[in-house]
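**Student:** compute the structure for the input listed below.
(chains A and B)
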Amino acid sequence: MEKKYWQNFGELNQSEAYQQTAENEFKEDLLPLEDLDDKGLMDAKSPRRDFLKYLGFSTAAATLAASCEMPVRNVVPYLQKSDNLIPGVANYYASTCVNEGDVTSVIVKQRDGRPIKIEGNEMSSITKGGTSALVQASVLDLYDTTRLRYPMQKAGADFKEITTFEAVDKIVLEAMKGLGGKPVVLLTSTINSPSTLQIIAEFLAKNAGSRHVQYDAVSYSGMILANEACYGKKYIPSYHFDNAKVIVSIGADFLGTWLSPVEFASQYAQNRRITGEKPTMSQHIQFESSLSLTGSNADDRFVHKPSEKGAIALALLAKLGGAVTAPAISDAALNKGIELAAAALSANKGAALVVCGSNDVNLQIIVNAINEAIGANGKTINHAVSSNYRAGVDADMVKLVEDMNAGAIGALLIHATNPAYTYNDSKKFIDGLAKVPVTISFNATMNETTERCKFSIPAHHWLESWGDAQPKTGYISLLQPTINPLFKTRSFETSLLKFSEDALDYQTYFKTYWVAKLGGEDAFNTAIQNGVVEPATLLVGAGTFNAGGVAAAAEKLATAKGGAYELVVYQKISMGNGNQANNPWLQELPDPITKVTWDNYALVSPALAKAILGIDVVGNQREGDGYEVHPEKPTITITVNGKSVELPVLIIPGIHPNVVAVAVGYGRQSADKDKTAQHIGRSANGAGQNVYPLVGFDGTSFSYSAAADIKKAGNTYMLAQTQVHGSSESRPVIYEGSLKKFVENPEHILEEANHERAILIAASKGKDFVKDATIYPDYEKPGIKWGMSIDLNTCTGCSACVVACTAENNVSVVGKIQVSKAHEMHWLRIDRYFTGDMQNPDVVFQPMMCQHCDNAPCENVCPVAATNHSSEGLNQMTYNRCIGTRYCANNCPFKVRRFNWLDYTGADSFPDNQNPMVEQGYMNESVLQMNDTLTRMVLNPDVTVRSRGVIEKCSFCVQRLQETKLNAKKAEDPSLVRNVKTACMQACPTHAISFGNVNDKESDVYKIRNVEQKHRNFYVLEQLHILPNVSYLAKIKNSEREVTNEKEEVLEGAHAEEKNIVKTQVEGNIKK
Amino acid sequence: MSLNRRIFNQLSAFFLFIALFSFANTSFAADGEALFKANCANCHKPLEDYIGPMLQGARKREPNPEWAVKWVNNVNAMLETDPYAKAMLAKYNARMTQFNLKEEEITAILDYADAYKAPVPVAPAGGAAAPAEDNSLLFGILTLILAVIALILLQVNSSLRKLADEKDGILRADPVPFYRNKSYLMLGILVLFCFGGYTTINAAMGLGRMQGYQPEQPIYYSHKVHAGTNQISCLYCHGGAQDSKHANVPSVNTCMNCHKAIKEYKGEPIVREDGSAVNGTAEIQKLYAYAGWNADKKVYDQPGKPIEWVKIHNLPDHVYFNHSQHVKVGKQNCQTCHGNIQEMPEVAQFSDLSMGWCINCHRESKVDFYNKATGEGNKFYSIYEKFHNDIKAGKMDSVTVEKIGGTECQKCHY
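**Tutor:** Predicted coordinates:
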């Protein structure tokens, strides 16, 4: 039987409601004019009179709009133009995206003085040019309307502006003098900037008794302390997934959110890429409670309760020869998984790696012991180079909050952290904050913490800053400003220098610091230009493992107690710890696993849903449909330690049946609830619930899992989910196989597709497969033919490409309400398919965008030829010609065409016509946020902003293709168009996407398709003879399990399915 | 027939080839005039001192005839060491830009300057050229007269037929007057409909098109004086046309490069279209006000502010147009689209900038196609294998912009 790939339970069961929604893909009510219901004109809801009204209004409006005089436009050249700036030509500057300890070396595209796009810096050996969704979206934060515009002092309930920084310094210094000997505390997120750390040290030296507390919203304290116990120092080593043949992860989402996901994804992909005749691949085994991005990429995956983590680690250590006894695990599948992992690890000593996402010190000590036992140290773990992304020790923060409440703190300077929101006992923090005489926030927005401080001295955005970061020891990444500060802000470092009564500002300090370190101005300039300074050789150290703490840790772990239900608190790829919550691009980015936008939710397995809610999505079609078709999901109340949160339920397979998982980063709220939209932002307002209060503290570190009490709440809550908005209706779109079989016979994996093609070609009796099989004459591609290839093996689903595409192509944000109506505008989506075992399915991600078919079904049905084919193989979309019939979208088998249902961009002739839409509840306020004059500075001036009523879709970044061609013509060098970088390709941390001129036999895409990867190369829905220009490489899993698309009697099966589809369609029509 | 056509095609191709070849030959020799205009004309004149010294006889005035060749490519170094260079700097108070020209090019420029004669002023032939005679009115009147004659003839015809019929004894109803005749009425409505439709559609298509748009600018800047009389290269100010999508209006500091030295206007009187005179010197003073320049003390002592020019050439937002594609790659003259800008005192929009106008040019213009045999042309086009073969086989003689996709939607709309 054919292996089934499904996106939701309805598709799995082929339920009635699923088929109906699949047919009604736009989910849009008819326009009032069309809403006649066969009742005659006068009885219709909108009778003739309405028709006349619409007609009259539109004629009058058109006349008004058209007859007005052309506006006078001015062109204002510079007074003094800088030599290195040509208006209309983009400049690129190396910089670094720094976000609460996260460091990504980037290149900033600056056009006419405005940063508009972030790319990865290929000179960085850490990220190798990769980026993440959060980094891609950070350029929008620069233009966030809620950014604070000047320094302020609290006056009553509100703040009042302090007009000059000199005045600020005077007031603050005076206030700090009157502290009566109480200490000054700097509270920041992890700081890994060498110069900032030096400035902080100088500041602390000037203020006796003062201290610096680093606090991470999502803590890695457990690892830091475990390394102190095992290696004598508080640090996190650096990891080398590229050296590992076996990777075992116990709940670490290292491809999505754990520590340094861009770095790890890049390393991981090196061993996942299929190359050469007898390819090899790393083996990745994941143990986890929920379904993470990393878990969904694993070759073998085993689910467990969070409380069993310790038992798993102990069992692994025991099997690898450690002197520990593991508590018994009752789950047979899990035991098998431990056997499998232990066997793989011991067979690959010196080339294996175990990572663990827990914040429990004892568990991390055991993981350290495992890594010592398998010889990971010095091979896959490097103790000579530390990872400096996180340095916070939880106990320090807890102590600080105690001190604050005891009134023992004189002044608190808070930078780049928001404990009033992220601290688990935020009430206690807020109460303590009120007892501190001087509180200063350097945060850039009026967030929960800033609101409660006495002073606000907003710092620059990283795109406006000078600075440095040291993500790993010896590896420096530098920041340079790419725009003048938009507002009256000042860098945190300058403020500290001024408070230390130092005359320097940070810019000068920074330059002096690095000129001295690098040995001269020239070296400094080169470093700024490159953005990174890296050691010539990698220092490798194995560390000296001290096994002293292992026995005690094992003992403590063995006593871990679980509950009937257990909670897992995790981070979403799109939201991180929540500090970018007001970023509409991130809010609208569908989570790769759940495909939900704009909210967090309680993730539960079908079994748990049945137990709590009585909804059986697997066994009972009716209940399944009732749950899946309606965006209103039933809610549950999760209670941990007396704190409870009510969240909608999202049922996903592959989660442990006793586990509920919820994401942090949502539920941002101002002290005055009504001011959330104004202070924290219109996009963050109302998105999800805050679950930081459910985080526990075990006396040493915060714990992100706990026994929980779960009850049905009886309410419903709307979740805007994008999956199955574009359904491929169970047609085969994915091919995969196991490594073993692939090595034995590489042709096996695409046997079925090749067989089908062979039959068709034989049946065409010598006619040309391409030229003679279309109703239109074949288009010539005389020079260039663009093509893309996507490797499903290295695509991790991280969604950086989706945000990159949004930023590059001015893709609109439509808001939650519109997403729930399937009106999202993303040109590139990542389809997630489940397959196999319902309890623990395999997951496949497939990036899906316009396939630029050479025999495109959309082109044939456009009545105005607004979409047609270019001589370079592009499926062109001409917005100014489109009249919005949507026939093309209807006829697209990939469902990648997007329609502008409403005026999302403000591009219509009439201003303010979005406001009524917002008032009437058709649109969210976040759309207005995107159309603020400040926010619109992020738009790419080379791409049209689309207006209402037109279709849009992936253009293969045609503006980049045209620019590259122009450069090639200027340089008279045809090789420049060989490999061009589209936005999605450039953002990808694993380089899963290739793009170029297929006519050129030297191009990457040509080589992948015809030489290097020809055995895995397939086209989606090739059997429709649409001749796509995007090809995919089949997925290979390194697992002993059966991973194939086996089918019996290929042709008959396909025909039977076709008949089924026809049958359902006919039935559907009769019902209508 | 087809044989004849082929012979004709081949012949014309042959002549074209000859013509191209002879052109190419001339362009190999250093063209002193072109080089002068492109490199020197911004600051030098052949016959008089300008920002720099006059070029005629320069070689005689200089220490030795080879001095100029050394000077042009080593300005910065020689200003430090060479006494004559130092003296010239003191005299003109302007540093020359350092160039990178070949010896024969410099010689060609100086030869051109030495041979240059002031153009004999030509009396303007009856003021401005008479506008092309508009015949449409004449045609309209003619059509109308013919229509009336036809109408009368038709009436006559029907009267005569009636008389003839009466003579034959066939009885007919009284004729309906033409204004109640349904055929005439239908005809009239049809004509009105066609005419009305035609004018409406035309007017609708013309919405937003502003051919001839000539707004008043904050400073009366005459392209005629700068690009015409003084022969300043367009690209000196609109350098973006080579590198960017925008040609770019020059920044104020670009104006001041020359106007630090040129304080007053001494040329032919400038006259507006309404006949009023323009005080050139006063306009230069306006520039100083924007730049914050004190002409007496020769310092910027006031805060400057940018000039808000009125934009003349506007394209809709959904059109992508790149100047460098046309100027640098396509080697088009500015005048092709902007008209004889060097003769416009104030700039007016020359072309209608409509899509039809763009498309027409793309259909007709030929790209600088790469010739594999000779290595001429832009090497980028070597990837168009098929066209090379077609040219070789004689199926086509040149490649137009349209052939390489220049009329496809997504070349300009994305």
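**Student:** only C-alpha atoms for contact and neighbour calcs from this point on.
**Tutor:** Fine.
**Student:** I'd like to know how far the closest residue to residue A:581 other than its chain neighbours sits from residue A:672.
**Tutor:** The shortest distance from residue A:581 to any non-neighbouring residue, by C-alpha to C-alpha, 6 or more residues apart in numbering or on different chains, is to residue A:684 (5.2 Å). Separation of residue A:684 from residue A:672 (C-alpha to C-alpha, to the nearest Å): 15 Å.
**Student:** what about the two, which has more around it?
**Tutor:** Between residue A:684 and residue A:672, residue A:684 has the larger neighbour count (other C-alpha atoms under 10 Å in any protein chain shown), namely 27 against 10.
**Student:** let me see the contact set for the closest residue to chain B within the stretch 551-700 of chain A.
**Tutor:** Closest approach between the stretch 551-700 of chain A and chain B, counting by C-alpha to the nearest C-alpha: residue A:585, at 21.4 Å. Listed by C-alpha atoms under 8 Å, 6 or more residues apart in numbering or on different chains, the contact partners of residue A:585 are A:137, A:803, A:806, A:813.
**Student:** do residue A:318 as well
**Tutor:** Taking C-alpha under 8 Å, 6+ apart, we find residue A:318 in contact with A:324, A:325, A:326.
**Student:** so it is in which element?
**Tutor:** Element membership for residue A:318 (DSSP states H and E) is helix A:309-319.
**Student:** what does the stretch 701-850 of chain A have sitting close to chain B?
**Tutor:** Listed as neighbours of chain B in the stretch 701-850 of chain A under the rule C-alpha under 8 Å from any C-alpha of the partner chain: A:782, A:783, A:784.
**Student:** ok so, going back, now the helix or strand that the helix holding residue A:318 is followed by: buried residues?
**Tutor:** Per DSSP H and E, the first helix or strand lying C-terminal to helix A:309-319 is helix A:332-347. With burial defined by 16 or more other C-alpha atoms under 10 Å in any protein chain shown, the residues of helix A:332-347 counted as buried are A:334, A:335, A:337, A:338, A:341, A:342, A:344, A:345, A:346.
**Student:** where do the helices sit along the stretch 1-150 of chain B?
**Tutor:** Assigned by DSSP state H, counting those that start in this stretch, the stretch 1-150 of chain B shows helices spanning B:2-28, B:32-35, B:58-61, B:67-73, B:75-81, B:83-92, B:103-115, B:136-168.
**Student:** can you redo the contacts of residue A:318 as JSON lines with neighbour count and distance to chain B?
**Tutor:** Formatted as JSON lines, the contacts of residue A:318 follow (neighbours: other C-alpha atoms under 10 Å in any protein chain shown; distance: C-alpha to the nearest C-alpha, whole Å):
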{"residue": "A:324", "neighbour count": "19", "distance to chain B": "65"}
{"residue": "A:325", "neighbour count": "16", "distance to chain B": "65"}
{"residue": "A:326", "neighbour count": "20", "distance to chain B": "62"}
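**Student:** hang on, the earlier thing: helix, strand, or coil at the residue nearest to residue A:581?
**Tutor:** coil (DSSP: H, G, I helix; E, B strand; the rest coil).
**Student:** for it, which residues are in contact?
**Tutor:** A:581, A:582, A:583, A:587, A:666, A:667, A:668, A:677.
**Student:** so which of these wins on neighbours?
**Tutor:** Busiest of the contacts of residue A:684 [other C-alpha under 10 Å] is residue A:666, holding 30 neighbours.
**Student:** that residue: which element?
**Tutor:** Counting by DSSP H and E, residue A:666 is part of no helix or strand.
**Student:** quick one, strands of the stretch 251-400 of chain B?
**Tutor:** Using DSSP state E, counting those that start in this stretch, the strands of the stretch 251-400 of chain B run over residues B:270-271, B:277-278, B:293-294, B:299-300, B:309-310.
**Student:** in a markdown table, list those strands along with mean pLDDT and distance to residue B:379.
**Tutor:** Shown next, in a markdown table, are the strands of the stretch 251-400 of chain B (pLDDT from 0 to 100; distance: least, C-alpha to C-alpha, whole Å):
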| stretch | mean pLDDT | distance to residue B:379 |
| --- | --- | --- |
| strand B:270-271 | 86 | 47 |
| strand B:277-278 | 88 | 49 |
| strand B:293-294 | 90 | 48 |
| strand B:299-300 | 88 | 48 |
| strand B:309-310 | 94 | 39 |
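**Student:** quick check, nearest of the residues of the stretch 701-850 of chain A next to chain B to chain B?
**Tutor:** Of all those, residue A:783 has the smallest distance to chain B: 4.3 Å, by C-alpha to the nearest C-alpha.
**Student:** which ones are touching the residue nearest to that closest one when sequence neighbours are not counted?
**Tutor:** Leaving out its chain neighbours, the residue that sits closest to residue A:783 by C-alpha to C-alpha, 6+ apart is residue B:384, at 4.3 Å. Shown here is residue B:384, whose contacts under the criterion C-alpha under 8 Å, 6+ apart are A:782, A:783, A:784.
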